[in-house]
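Asks: The following block contains a protein sequence and its predicted model.
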Amino acid sequence: MMSPDPELSPRRAARAEAERLATAALTITPAADAPTRRQLRAESGLAAEQEGSGIRALLAVRGLTLAARRRRAGVLAAAMLIVVAGAVAIGAAASAGGAGPVAESADVDASTLVAGPPAVPDEGLPVPQIAAVAATATPCDDPAFTAALASGDDAAAIAAAGGGSAFRAAVAAGVAPCVSLSDPNREWVVVNKQRPLDPLDYRAGDLVMPQNVRALEESSLRSAPASALTELVRAASDAGAGEIGYLSAFRSYATQQSTYAGRVDVGGVEEADRESARAGYSEHQTGLAVDIVPCDGSCGTLDDIASSSQGAWVRDHAWEYGFITRYAEGRESVSGYLPEAWHQRYIGRELARAYHEGGYTTLEEFFGLPAAPTY
């Protein structure tokens, strides 16, 4: 029987101590098939006692020890991977959530990150309160307004709506569907190159000649604008602005055809469309428009009104009598026509006041309608 190698025992003891310390640092239970230190010591003692197999037994013990160490190294590597993966996941959640719990405080307990939403209180979740929104007021819901519309009394309808500004605001906002801007019988009708009369050959009713106003041709107006023109002419004279006459007022469909054709013969279609309306698209057919001229013994032309004292007075005061200058300077891109200081359009006193006070220059803008530069 061979005696044990005196160098082997100290080395085994050192390895055993190192393995004990490494094992104590781990919190993971060793694999079930790994030999324990007691088994290793027993196997080592047996190898020392066996004479013929001492070296082989020592090599076997070393092999077992190496296998155990490899298993422990594998367990450690797996644990480290789990820790790293968890850290990456938490970092990604913090980045995605912006200033979430992890980003706000590094001292937050990890258990709070996976605790889930808070429990529902006994009284239940709060119910959101939604305030009721009142429907937009519309003059069409007012019996007084609808009765005035039905009777054809435009002034009474505007008064029932709260005045010219309130009426305009309701129409421009689209909350007065019972008001038609296409009805040629209404003082607020809008006629332009995109809004023809309906029917095209419409003929205004209640046409009369204005009283005490010089007319250069036999041309009438509807009753309301005819009376208003009489008052305007008298007020201008009383103010010392001079006499105002007129050249043309109502024109029938046939008359407008002839007028437009004459302009085409002189300057062509493109030029005619800037100066004259085609039949069915003319405000003169409504009986609400009049072309005024300055008079001083004899009367001047349409082109003379802009630079005359009469023209200056009209620019400042015509709205007081329900008239507006329909085609203003620099507004051809909206109205479709070159400026015509002589073309006065009656829309009634209340609407003319709102037009003047609001600083409007076209009926299209006044009522929130699209521009109409071309047909």
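Replies: Yep, it's here.
Asks: contacts, neighbours, all on C-alpha from now
Replies: OK.
Asks: Okay, buried residues for the host helix or strand of Asp273 please.
Replies: Assigned by DSSP states H and E, Asp273 belongs to helix 253-275. Neighbour-count burial for helix 253-275 flags Tyr253, Gln256, Gln257, Thr259, Tyr260, Ala261, Arg263, Val264, Ala272, Asp273, Arg274, Glu275 (criterion: 16 or more other Cα atoms under 10 Å).
Asks: Sheet partners, orientation included, of the very next helix or strand once past that helix?
Replies: Beyond helix 253-275 in the direction of the C-terminus, DSSP H and E gives the next helix or strand as strand 289-296. Paired strands of strand 289-296, with direction, are strand 243-248 (antiparallel), strand 298-299 (antiparallel), strand 340-346 (antiparallel) (DSSP bridges).
Asks: Quick one: work out the angle between the helix holding Asp273 and strand 340-346.
Replies: Angle of helix 253-275 versus strand 340-346, following axes from the mean of the first three to the mean of the last three Cα atoms, to 10 degrees, is 130 degrees.
Asks: thinking again about what came up before, just tell me which of the strands paired with strand 289-296 ends up closest to Trp313.
Replies: Trp313 lies closest to strand 243-248 among the strands paired with strand 289-296, at 10.3 Å (Cα to Cα).
Asks: quick one: average confidence on the closest one?
Replies: Average pLDDT, strand 243-248: 98.
Asks: what residues does that strand touch?
Replies: Contact with strand 243-248 is made by 213-219, 233, 236-237, 290-296, 299, 302, 310, as judged by Cα atoms under 8 Å, 6 or more residues apart in numbering.
Asks: again, only this time at 7 Å
Replies: Identification of contacts with strand 243-248 by Cα atoms under 7 Å, 6 or more residues apart in numbering yields 213-217, 219, 233, 237, 290-296, 310.
Asks: Write down the beta-bridge partners of Glu340, one by one.
Replies: Following DSSP bridges, Glu340 is listed with bridge partners Tyr327.
Asks: Pull up the gap between it and Arg315, please.
Replies: 12 Å (Cα to Cα, to the nearest Å).
Asks: same check, this time on Gln344
Replies: Taking Cα to Cα, one finds Gln344 at 10 Å from Arg315.
Asks: Identify the residues contacting Ala249.
Replies: With Cα under 7 Å, 6+ apart, Ala249 has these contacts: Ser219, Ser220, Leu221, His284, Gly287, Ala289, Val290, Asp291.
Asks: Reformat the residues you listed as a markdown table; add pLDDT, distance to Trp188 and neighbour count.
Replies: Supplementary listing: the contacts of Ala249 in a markdown table, determined by pLDDT from 0 to 100; distance: Cα to Cα, whole Å; neighbours: other Cα atoms under 10 Å:
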| residue | pLDDT | distance to Trp188 | neighbour count |
| --- | --- | --- | --- |
| Ser219 | 96 | 21 | 18 |
| Ser220 | 98 | 19 | 22 |
| Leu221 | 98 | 15 | 27 |
| His284 | 98 | 14 | 27 |
| Gly287 | 98 | 12 | 31 |
| Ala289 | 98 | 12 | 29 |
| Val290 | 98 | 16 | 26 |
| Asp291 | 98 | 19 | 19 |
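Asks: Surely Thr361 touches Gly330?
Replies: No - with contact defined as Cα atoms under 7 Å, Thr361 does not count as touching Gly330 (9.4 Å).
Asks: For the stretch 101-250 of the chain, which segments are assigned as helices?
Replies: Assigned by DSSP state H, counting those that start in this stretch, the stretch 101-250 of the chain shows helices spanning 101-104, 110-113, 143-151, 154-160, 164-172, 223-238.
Asks: Throw those helices into CSV and include mean pLDDT, distance to Glu320 and mean neighbour count, thanks.
Replies: Converted to CSV, those look like this (pLDDT from 0 to 100; distance: least, Cα to Cα, whole Å; neighbours: other Cα atoms under 10 Å):
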stretch, mean pLDDT, distance to Glu320, mean neighbour count
helix 101-104, 41, 69, 15
helix 110-113, 53, 75, 10
helix 143-151, 97, 23, 16
helix 154-160, 98, 15, 19
helix 164-172, 98, 13, 20
helix 223-238, 98, 8, 19
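Asks: higher neighbour count, Thr361 and Gly330?
Replies: With neighbours defined as other Cα atoms under 10 Å, Thr361 and Gly330 compare such that Thr361 has more, 20 against 12.
Asks: tally of neighbours for the closest residue to the more buried one other than its chain neighbours?
Replies: Closest residue to Thr361 apart from its sequence neighbours, by Cα to Cα, 6 or more residues apart in numbering: Ala328 at 6.3 Å. Ala328 has 18 neighbours, counted by other Cα under 10 Å.
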